[in-house]
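Model the following, please.
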Amino acid sequence: MRAVWKSSVSQALAHKLWYDFYDLDHYIQKKVWQVLFDYIQNVGWDVFRDMEYLCCRELLSLPWNKVVALGWGTMEFERNRRLLLSQNHCIILLDAPLDILLSRVQKDQSTEQTKRNALTDTSVENEYTTIYNRRIALYKTYADFVVINTWEMDTVVEECATYARQWTICIPIMHFEPVYIADIYDRIRDDIRIKYIELRSDALKSTTDMQLVYDAIETCPRQCIVTNRNSLEWWWFVGTIEQSLARAQAASLAGAQYVDIELSLLSQHHVEWLSRIEAQRVMSFHDFADMPSLLDLQSTVDKMVEYWWNIAKIACMATKESDKEIIYELQVYIQKTYPDMEYVLIAMGALWQETRVVVPLRGSLLTFASLDASSAPWQMSVHDVYKSLRNI
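Numbering: from 1, shown residues only. Presented below is the predicted three-dimensional model:
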């Protein structure tokens, strides 16, 4: 929508997320070497909409993270909506009460720098009201999130950033047959919300199969996390912690961006082992039977800080309502005590799947979701995560 400060908010959001920024209208103007008003007057609306679609497709196909400020009417056209929805982009609608938007439009008309010509035979204000009323319900239908832009710019950008961050999903993979890996990679290649892939090397029943993991690392289309839990954590790897760390080091050398290491198996004499691992480290704590007390989990987080880590992950079984609240309170503790910490928090259990959605909304780095078989108790599917996010 015009007058919602779309370009300004989008540019600030891209800066905050360290993404590239593109303004679709400006991109079109550079392509046609004309301001949009003149271009539309010269070629007509149909030609302009064709150019808009082509430019939108070009921007969305760029293989890196970006924020794109769409044109005022882009989402009104079905082919543009299909383009956005087919690639699972996070769509944020900036809106405000109509009287506020009209006051901004009138203010824009008072200066030569921001003045815009009406594109129909009526006043700018009447044209705006007519178009707004025609489009707003449709836009809300297809938006993943609606942000009401009546606050300070920093507040609006922070809310947009919260919504953008939570569309970060990690897909666990527990089978490494080349045909299966190729199929999974093809299925997720165009889904930009899946930013991480977890390769569960502990699912291998033979150490001689690790070459399959290395091959999966080499062809992985996303950031790769290699995990190697041992038999004490319900998985098949039966080696020592030193052997597990050696496997993590080998995965790092093979090109994995992250390795996942379980805190409960470590002691201070393993710090040297950690220093040999060039990949970023996910320090994990799991309790598949119970939910520790808030104080115990706070102490666990404090202990994680003593090690050389990049991301802290805590996943515990929740069996009652108060367990879920412990996870939420732990999130508050982390944000206040360690504001720069990247973390993942999960309350496992059939009744507490909401934490896999709500905690990322509040600032957690990512959530885990499965494409096929679940790799953890009551893990949600990608489809169910998307559905829950939209409902929230």
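
how about the helices in the stretch 1-150 of the chain?
Applying DSSP state H, counting those that start in this stretch to the stretch 1-150 of the chain gives helices spanning 6-17, 24-32, 36-43, 45-60, 78-86, 98-109, 124-142.

right, so of the ones you listed, which gets closest to Tyr328?
Nearest of those to Tyr328, taken as CB to CB: helix 6-17 at 24.2 Å. To be clear about C-beta, it is placed using only N, CA and C from the backbone, and glycine gets the same treatment.

Can you list the neighbours in contact with that closest one?
The contact list for helix 6-17, computed with CB atoms under 8 Å, 6 or more residues apart in numbering, reads 19-21, 23, 26, 65-70, 94, 149, 153, 156-158, 160-161, 164-165.

before we move on, back to that, what's the most buried one of the helices of the stretch 1-150 of the chain?
Ranked by mean neighbour count, the helices of the stretch 1-150 of the chain are led by helix 6-17 with a mean of 18 (mean count of other CB atoms under 10 Å).

Just the angle for it relative to helix 24-32, thanks.
Calculated by axes from the mean of the first three to the mean of the last three CA atoms, to 10 degrees, helix 6-17 forms an angle of 100 degrees with helix 24-32.

check contacts around the closest residue to Trp352 other than its chain neighbours.
Spatial nearest neighbour of Trp352, chain neighbours left out: Ala318 (4.2 Å); criterion: CB to CB, 6 or more residues apart in numbering. Taking CB under 8 Å, 6+ apart, we find Ala318 in contact with 291, 324, 326-327, 347-349, 351-352, 355.

Model confidence score at Ala318, please.
On the pLDDT scale, Ala318 is placed at 91.

And for Ser322, the neighbour number?
Residues near Ser322, counting by other CB atoms under 10 Å, number 11.

What distance do you get for it to Thr367?
Relative to Thr367, Ser322 is positioned 22 Å away (CB to CB, to the nearest Å).

Could you point out which residue ranges in the stretch 251-392 of the chain have low pLDDT?
Across the stretch 251-392 of the chain, the stretches falling below the confidence threshold (pLDDT under 70) are 268-269, 308, 373-377, 389-392.

if you set the cut-off to 50 instead, what comes out?
Judged against pLDDT under 50, the stretch 251-392 of the chain has no low-scoring part.

can you give me the strands in it?
258-262, 280-287, 311-317, 342-348, 367-368 (DSSP state E, counting those that start in this stretch).

My guess is Ala143 contacts Ile91. True?
Yes: here Ala143 reaches Ile91: they are 5.1 Å apart, a contact under CB atoms under 8 Å.

What segments of the stretch 101-250 of the chain are strands?
Using DSSP E, counting those that start in this stretch, the strands found in the stretch 101-250 of the chain span residues 145-148, 169-173, 194-200, 223-227.

Check which helices and strands the third one is in contact with.
Meaning strand 194-200. Identification of packing neighbours for strand 194-200 by 3 or more CB pairs under 8 Å, 6 or more residues apart in numbering; DSSP states H and E yields strand 169-173, helix 210-219, strand 223-227.
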